[in-house]
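with the input below, show me the fold.
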Amino acid sequence: MATQGIDFAKLSLVDALDLAILIEEEARERYEDFADQMDQHRTPVAARFFRHMAGNEAKHGQELAERRAQLFPDAARKVTRAMLFDVEAPPAPS
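Numbers count the residues shown, from 1 in each chain. The predicted model follows:
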């Protein structure tokens, strides 16, 4: 896992939820990118699969966000997207 500034030994529950939400967002974006690439390569079945996976990640992220809002409605976010990169995916091609 590529992270910057996250001390996992001191991660609170709210921080863990925020991290999980960010991971789901990153995965959704990556699947959407894959779907777009499959469209460009005229492979619609693969594109549909990746869009389905993006939908799953969006659903998971929403469920986590709802749970966080229930448990910690006033807690400030300390974990940010800048602290992680490509957690669920291999590095993006350059």
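
which residue sits farthest out from the middle of the protein?
Distance from the C-alpha centroid of the chain peaks at Arg42, with 26.3 Å (Cα atoms, centre = their mean).

how close does that one get to Arg48?
13 Å (Cβ to Cβ, to the nearest Å). C-betas here are computed from N, CA, C, even on glycine.

can you pull out the low-pLDDT segments for this protein?
Filtered on pLDDT under 70, the chain yields the residue ranges 1-4, 85-94.

just the helices from it, written as ranges.
13-40, 44-71 (DSSP state H).

what helices or strands is the last one leaning on?
Going back to what we said before, that points to helix 44-71. helix 13-40 (3 or more Cβ pairs under 8 Å, 6 or more residues apart in numbering; DSSP states H and E).

next, the angle from the helix it packs on to helix 44-71.
Counting by axes from the mean of the first three to the mean of the last three Cα atoms, to 10 degrees, helix 13-40 lies at 160 degrees to helix 44-71.

please renumber the chain so that the first residue is 48 from this point on.
Renumbered: residue one is now 48, and that last one reads helix 60-87.

give me the buried positions along helix 60-87.
Under the neighbour-count criterion of 16 or more other Cβ atoms under 10 Å, helix 60-87 has 61-62, 64-75, 77-79, 81-82, 85 buried.

which strands or helices does it pack on?
Using 3+ Cβ pairs under 8 Å, 6+ apart, the elements in contact with helix 60-87 are helix 91-118.

what residues sit buried inside the helix it packs on?
94, 97-98, 100-101, 104-105, 107-108, 111-112, 115.
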